[in-house]
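>>> show me how the following folds:
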Amino acid sequence: APSIDESAFPRVEPYIDLAETAGKVAAQLLEGRIENVEVVYEGDIAGEDVEFVTASALKGVFEPLEWQVNAVNAPQIAEDRGVDVTESKTRQAADFQSLISVTVSNDDDQVSVDGTLFAGDDPRIVRIDGYRVDAIPHGRMVVTRNTDEPGVIGLIGSVMGKHGVNIAGMFNARETIGGEALTVYNVDSDVPAEAKTELEEDERVIGVSDITLNGQS
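Here you go, the predicted structure:
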């Protein structure tokens with residue numbers, strides 16, 4: 001089982017939940033089987049013993065698959081299921097004091113989710129597939145991909161409201177003006193399948209993904 005030195009635990013502990021959360025988000029965004037998991041540590045956290053943090057990231061990745069997993073058995077489950085796990089570190093971090101990146105992939109697709117801690121150990125998702133966001137990872141989230149043009153965010157808000165879904169927060173990012181955009185919504189309830197279908201029928205909406213965190217269902 002992964003272990004950690006007692007003296008180092010207070011420095012590492014805040015990153016355990018962050019890594020698990022990043023893993024959960026990444027796993028729920030990826031369509032299809034998870035064949036590879038990569039965990040990258042940047043900045044101060046890269047100088048710590050992160051074996052248990054990586055195991056927690058694996059726990060987050062595997063939980064949405066409804067596998068019986070915890071941070072102790074997650075590495076063994078990865079081996080048993082044929083999931084390739086890699087871990088890397090760099091003391092260089094361009095924008096944050098510490099950053100954890102969890103990437104899940106298969107032969108067809110990959111998703112990368114980056115997380116950090118703000119002051120007071122406040123967790124944030126700060127990048128999804130390279131898009132800069134500032135998302136509070138809690139409860140229920142919806143991630144949409146769409147073309148960056150007028151009226152799309154209004155459409156998404158209107159459809160959510162029509163189906164009784166209240167938006168608690170929104171974080172938008174785009175590659176270039178008029179290119180592709182990614183938006184993270186914190187919502188107070190599940191998004192009905194009818195709402196997702198209505199959104200995806202609009203040619204401007206590329207995809208809609210539900211994310212469930214903190215044990216909510």
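>>> what ranges do the strands span in the protein?
Ranges of strands in the chain, per DSSP state E, are 36-43, 84-90, 98-105, 110-118, 122-128, 131-135, 140-147, 167-174, 180-187, 205-212.
>>> which one of these lies closest to Tyr15?
Comparison of the strands of the chain against Tyr15 by Cβ to Cβ identifies strand 98-105 as nearest, at 6.2 Å. In this view, the C-beta of every residue, glycine as well, is placed from N, C-alpha and C.
>>> for the most centrally placed residue in the chain, what are its contacts?
With distances taken as Cα atoms, centre = their mean, the residue of the chain nearest its centroid is Val25 (2.9 Å). Neighbouring residues of Val25 by Cβ atoms under 8 Å, 6 or more residues apart in numbering: Gly60, Val113, Ile125, Ile128, Pro137, Met141, Ile211, Leu213.
>>> now do Ile100
Each residue near Ile100 by Cβ under 8 Å, 6+ apart is listed here: 15, 18-19, 22, 39-42, 45, 53, 57, 114-116.
>>> most neighbours, which of the contacts of Val25?
Counting neighbours by other Cβ atoms under 10 Å, the top entry in those is Val113, with 31 neighbours.
>>> so what's that residue bridging to?
For Val113, the beta-bridge partners under DSSP bridges are Val102, Ile128.
>>> name the residues that touch stretch 108-125?
Here stretch 108-125 makes contact (Cβ under 8 Å, 6+ apart) with 14-15, 17-19, 21-23, 25-26, 29-32, 36, 96-105, 126-130, 133-137, 184.
>>> which stretches of this structure have low pLDDT?
1-5, 120, 215-217 (pLDDT under 70).
>>> can you list the buried residues in the biggest helix by length in it?
Taking DSSP state H as the criterion, the chain has its longest helix at helix 9-29. Buried residues in helix 9-29, counted by 16 or more other Cβ atoms under 10 Å: 11-12, 14-29.
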